[in-house]
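[1] Provide a 3D model corresponding to the input given below.
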Amino acid sequence: MPEELTDTELVAAFKGGDPEALGLLMERHKAALYGYLLRLTGRAEAAEDVFQEVFLKLVRNPSAYGEKEKFKAWLFTVARNAAMDQFRRQATRAEVPLEGDGYAPGPADFLASAEPGPEGAFYGKVLGERIAAALAGLSEDQREVFYLRHYSELSFKEIADLLKLPIGTVLARMSRAAAKLREKLQKDMQ
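    Model prediction:
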């Protein structure tokens, strides 16, 4: 099956009985969706569970995706709802750790250079800690919009649809998040 098929064409192929199409969809969206779920849940095991639950929903009910919206936006909506359901079941929310948990990296792990010298390693770690602390200082709503935009690469329209918010609210949250991050990081650099 050619990989240049659109998501909608792959869903149609899967509905038509081609299991390879589902594998291509999963592979295409794995990194962005898993990364989003990891940041949302704060635990690798929980992110894996929700990731599987999202695609099981498509397997169990292929008509759940109505093809009127972008598949990626639908996928993230299902993922967010599944994660929220999991939070309700657990009645507690885990915080995103600064460092990785052995299964998946944390935000600070992405900020240091892969092969820094001693000085570079020190400053990379300090900067990573400052950025992680600045992100932790955002409200949950602002952090979610920031992650969806920068780590999952969704458009503001897709984020608005996903969160069921007016686009102006999404833009305002992103603007406030960017301003708070800039202010916090500039203050830390002085």
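
[2] Let's verify Glu4: helix, strand, or coil?
    Under the three-state scheme (DSSP: H, G, I helix; E, B strand; the rest coil), Glu4 adopts coil.

[3] What's the end-to-end length of stretch 37-50?
    Start-to-end span of stretch 37-50 (C-alpha to C-alpha, to the nearest Å) is 7 Å.

[4] Going forward, count from 35.
    Got it, first residue is 35 now, which makes that one stretch 71-84.

[5] For that stretch, buried residues please.
    71-78, 80-84 (16 or more other C-beta atoms under 10 Å). Yep, even glycine has a C-beta here, placed from its N, CA and C like the rest.

[6] And stretch 50-66, by the same measure?
    Using 16+ other C-beta under 10 Å as the test for burial, stretch 50-66 gives 55-56, 58-60, 62-63, 66.

[7] In helices, which of those residues appear?
    Judged by DSSP state H, the subset of the buried residues of stretch 50-66 located in helices is 55-56, 58-60, 62-63, 66.

[8] Would you mind naming the helix or strand containing the spatially most central residue of the chain?
    For the chain, the residue nearest the mean C-alpha position is Tyr70 (1.6 Å; C-alpha atoms, centre = their mean). Secondary structure from DSSP states H and E places Tyr70 in helix 53-75.

[9] What is that helix packed up against?
    Applying 3 or more C-beta pairs under 8 Å, 6 or more residues apart in numbering; DSSP states H and E, one finds that helix 53-75 contacts helix 41-49, helix 78-94, helix 105-124, helix 174-184.

[10] Of the buried residues of stretch 71-84, which pair is most distant in space?
    Farthest-apart pair in the buried residues of stretch 71-84 is Arg73 and Asp83; separation 15.1 Å (C-beta to C-beta).

[11] now the ones in helices among the buried residues of stretch 50-66 in JSON lines, with distance to Glu174 and pLDDT?
    Output for these, formatted as JSON lines (distance: C-beta to C-beta, whole Å; pLDDT from 0 to 100):
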{"residue": "Ala55", "distance to Glu174": "35", "pLDDT": "88"}
{"residue": "Leu56", "distance to Glu174": "32", "pLDDT": "87"}
{"residue": "Leu58", "distance to Glu174": "33", "pLDDT": "91"}
{"residue": "Leu59", "distance to Glu174": "29", "pLDDT": "89"}
{"residue": "Met60", "distance to Glu174": "28", "pLDDT": "89"}
{"residue": "Arg62", "distance to Glu174": "28", "pLDDT": "90"}
{"residue": "His63", "distance to Glu174": "24", "pLDDT": "90"}
{"residue": "Ala66", "distance to Glu174": "20", "pLDDT": "89"}
